[in-house]
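>>> 3D model of this:
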Amino acid sequence: MKTNKSIYLSPFLMRYTGLLALSAIPLVPLAQTRPNVVLIISDQHQQQASGCYGTSIRTIHGESPTPNIDNLARQGVMFTNAYTPSPLCAPARASLMTGVYPHQHTALHHKVNDLEPGHVRFPGILPDLPTIGQVFRENGYRTAAIGKMHVHGELDGANDLGFDVADLRFYTWFPGSHYRDRAGGDWYKRYRELPPYQTMRYRDIDPVRFAHLPENLTVADNNSYENRYHIETLVEEEEQMMDHLVADESIDFIRESVEQGKPFFLHVGFEKPHEPYNAPRRHMDMFRPDDMLLPDSWDAFNHMGPRPYHMNWLVRRNPVRERARNTIASYYACVYALDEQVGRVVDACIKAGIYDNTIFIYTSDHGEHMYHHSMLQKHNMLETASRIPLIIVYPKTLPVNEVSHSIVSLLDVLPTVTELTGIETPATFSGVSLTKPVVGKDDPERMVFSEFYSGNGNYVMFPEAQIVPMRMNRYKQYKYIYTLGFIEQLYDLNEDSDEINNLVIHGNASHKEILEKLRAATLSGWHVDTSPLLGGTAKIENDGVNLTWDALAEANEYIVYRGHLPDIKDASIIGRTRLYSFSDTTTRDGQTWNYWVVATLDLTREYEESQLYKGHPVATASMPANIPASVPMKVYVEKGQTFDF
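Okay, the predicted model is just below:
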């Protein structure tokens, strides 16, 4: 369908706004009754940048920028506290495929050994982890992954991640089935603004389309956030855009699956609204830069300076109001274009007569700061980067027009769809099914994590560090963030949604208790090859259970935990020491005991440029070699065992 002459109005929209009667939609009898699954994942879609999530930004007609996503929310369950396993594409997407956190699947970075995904099978996601594609294929489903995947471990001809159909890869090296293979790569080069277009003047690329731009403006000139104009994509036709092609092939797969009478699992990998922030002209024209509302913290750098635990390049130093508005308008144009393709895919299921027997999920791999905190992109744990949209639609089982405030993770998608389809959930999956939270049976003590590992010399306090492990723990109203070598962060999001008031410094006694609880839960079991946990042993001796562990040069104090269960969340603090050993003389007989040691770090350096931490030490003297927590230490005290107390 040609869509560049007028605004596309999805029958999905018309159906649920009363403009199209249900009887007008041709229904196709189904030979199968097991529900289909359509998993739609975009790239870098900030949760707040959707009408259903409350954005105040509107089109030139005063309408929501995401009408199709909004309608999905009205037909299903919208989760407001959903978090990515990583604020970075590749590890987050590997987690979606495998159902485990990045440190468990081990694909922590965008590149492995300087290679993009698709070049090698290993290193990548561990081979013993079942993927969602494999689970559904082994249970009789026809499977497809169309569009962006960006998963280390997928390798053409060697590891298909369980997908019968794989096409239109973007970053993943996938000869013959890549976006760059279309039209000899020209569409791809235009889309990503690569050579030869990168150094060309817009007027020379197309003197008609770009006649309104400054005469000597080059594509490279506009590829800077500080010098951005509101310019349409270099791609000449809408049908050549990555996401339009992804929707086309997804629609073909849906039609073929219905014709074959087979249930299907379809992963739809849209690329927008990831930069470059440009879209076809009619989408760009839907948003006037002068109408764009800047976040309250858009120039926070001018007032507070940088935060020491964030990579230096993320901050827009001295941002310009006009350019920021251009960027925001361009980003929302990409969101609007993405939403249209979401509508086309859902629309195809309506036309095929399978909408009511299909589970729809809409989500994104991570967020986008878009000038919140004077930042762009992601790469840290602030809400705009780590919190994601998540909508699940299946009225046969799930409520309609429901809003859930439960704390959930992208990892929960897999166990949710396996439960809804009646498939046994693999024991490896770390998430939980989201059917319980939507009926009020969520776990109030649940903790959800996110991880990030890039360094590459981008931290001012540790310019030599190539990897800086970072882990977030979201618990109740609190967010705890541990960045190795830096001051910890604890925020009460109910009171401080902008994450400015670090309770590690400004908290009270109850906040200290929460801090120690979340620190222990976050560090324990966090296995990182480059920063291993401290080794430790527990031995029964005459005077009790004696613990010893590896010393950490940057440690200030060691806190000793003990509990019956193998989870530190159920343990209690039994002591504190500056030594590398501890004797538990209070243990009683006939029981198994688990011990852990968690270290606090000795912060010695201040960061003068940061107004938030003026007068407070924020970093250790050197980057610690280990995650400052021990491996679990376990002993069994036999019945009748006595100690010389």
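
>>> Could you use CA atoms for every contact and neighbour count after this?
Will do.

>>> what's in contact with stretch 90-110?
The contact list for stretch 90-110, computed with CA atoms under 8 Å, 6 or more residues apart in numbering, reads 84-86, 88-89, 116-117, 123-126, 129-133, 149-152, 365-366, 410-414, 428-431, 450-454, 526-528.

>>> And those, which of them are buried?
Neighbour-count burial within the contacts of stretch 90-110 applies to 84-86, 88-89, 116-117, 124-126, 129-133, 149-152, 365-366, 410-414, 429-431, 450-454, 526-528; the criterion is 16 or more other CA atoms under 10 Å.

>>> Show only the entries of these found in strands.
S450, E451, F452, Y453, S454 (DSSP state E).

>>> Quick one: residues contacting the second one.
In other words, E451. Taking CA under 8 Å, 6+ apart as the definition of contact, the neighbours of E451 are P85, S86, P87, Y101, P102, H103, P469, M470, R471, M472.

>>> out of the residues you listed, who's nearest T358?
Comparing these against T358 with CA to CA picks out P85 as the nearest, at 25.7 Å.

>>> isn't the closest one right up against Y453?
No - here P85 does not reach Y453: they are 11.9 Å apart, not a contact under CA atoms under 8 Å.

>>> so what's A621 closest to, chain neighbours aside?
Among residues not flanking A621 along the chain, T604 sits closest, at 6.1 Å (CA to CA, 6 or more residues apart in numbering).

>>> same deal with P273?
Leaving aside its chain neighbours, P273 sits nearest to C334 (4.8 Å; criterion: CA to CA, 6+ apart).

>>> what's the neighbour count on the one you found?
Using other CA atoms under 10 Å, C334 has 26 other residues around it.

>>> could you say which helix or strand contains the nearest residue to R288 once chain neighbours are set aside?
With CA to CA, 6+ apart as the criterion, R288 has its nearest non-adjacent residue at 6.4 Å, and that residue is A329. Assigned by DSSP states H and E, A329 belongs to helix 321-351.

>>> Give me the buried stretch members for that helix, please.
The neighbour-count criterion (16+ other CA under 10 Å) identifies 323-351 as the buried residues of helix 321-351.

>>> Ok, stretch 433-452 next?
Residues S433, L434, T435, P437, V438, D442, M447, V448, F449, S450, E451, F452 are the ones in stretch 433-452 that count as buried (16+ other CA under 10 Å).

>>> so how far is it off the chain centroid?
Centroid separation between stretch 433-452 and its chain, computed with CA atoms, centre = their mean, to the nearest Å, is 16 Å.

>>> ditto for stretch 249-262
When distances are taken as CA atoms, centre = their mean, stretch 249-262 is centred 29 Å away from the chain's centroid.

>>> ok, back up a step: distance of the residue nearest to R288 from D291?
For A329, the distance to D291 equals 8 Å [CA to CA, to the nearest Å].

>>> Kindly report the same for H283.
Taking CA to CA as the measure, H283 falls 15 Å from D291.

>>> quick check, V598 in a strand?
Yes - counting by DSSP: H, G, I helix; E, B strand; the rest coil, V598 falls inside a strand.

>>> Number the residues from 4 up from this point.
Sure thing, new numbering starts at 4, so read that last one as V601.

>>> For it, report the pLDDT, please.
On pLDDT, V601 comes in at 98.

>>> That one: neighbouring residues, count only.
Other residues near V601 come to 25 when the count uses other CA under 10 Å.

>>> quick one, phi psi at L537?
Taking degrees, to the nearest 10, you get phi -70, psi 130 for the backbone angles of L537.

>>> doesn't W552 make contact with it?
Yes - checked against CA under 8 Å, the pair L537 and W552 is within contact range at 6.6 Å.

>>> anything in contact with each of the two?
When contacts are counted by CA under 8 Å, 6+ apart, the set common to L537 and W552 consists of S633.

>>> in the stretch 4-153 of the chain, which spans are helices?
Per DSSP state H, counting those that start in this stretch, the stretch 4-153 of the chain has helices spanning 14-19, 70-78, 92-101, 105-108, 135-141. These are given in chain order.

>>> Please name whichever of those is nearest to L393.
L393 lies closest, by CA to CA, to one member of the helices of the stretch 4-153 of the chain: helix 70-78, at 9.0 Å.

>>> In that closest one, which residues are buried?
Those would be P70, N71, I72, D73, N74, L75, A76, R77, Q78, for helix 70-78 by 16+ other CA under 10 Å.

>>> phi, psi of the residue nearest to D446 when sequence neighbours are not counted?
Distances taken as CA to CA, 6+ apart put P440 closest to D446, at 7.8 Å, once the chain neighbours are dropped. Backbone dihedrals for P440, given as degrees, to the nearest 10, come out at phi -60, psi -30.

>>> ditto for I630
Phi and psi for I630, reported as degrees, to the nearest 10, are phi -60, psi 130.

>>> residues touching it, list them.
L487, L526, W529, V531, S534, P535, L536, L537.

>>> just H376 next, same as before
With CA under 8 Å, 6+ apart, H376 has these contacts: S300, W301, D302, A303, F304, V318.

>>> Just the closest of those residues to V115, please.
Distances from the contacts of H376 to V115 were compared by CA to CA; the smallest belongs to V318, at 26.1 Å.

>>> got any ranges where the stretch 504-648 of the chain has weak pLDDT?
In the prediction, the stretch 504-648 of the chain carries residues with pLDDT under 70 at positions 590-592, 642-648.

>>> my bad, should have said the chain
Counting by pLDDT under 70, the chain has low-confidence residues at 4-35, 227-229, 590-592, 642-648.

>>> Could you list the domains of it?
With automatic domain parsing as the criterion, the domains of the chain are listed as 14-442, 458-640.

>>> Name the nearest residue to N476, sequence neighbours excluded.
Of all residues not flanking N476 in the chain, F452 sits nearest, at 4.6 Å (CA to CA, 6+ apart).

>>> would you turn the helices of the stretch 4-153 of the chain into a markdown table with distance to G547?
Conversion of those to a markdown table gives the following (distance: least, CA to CA, whole Å):
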| stretch | distance to G547 |
| --- | --- |
| helix 14-19 | 68 |
| helix 70-78 | 58 |
| helix 92-101 | 42 |
| helix 105-108 | 35 |
| helix 135-141 | 48 |
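
>>> How about the contacts made by S453?
The neighbours of S453, taking CA under 8 Å, 6+ apart as the test, are Y86, T87, P88, S89, P90, Y104, M384, S389, R474, M475, N476.

>>> how close does V168 sit to G65?
The spacing between V168 and G65, counted by CA to CA, is 40 Å.
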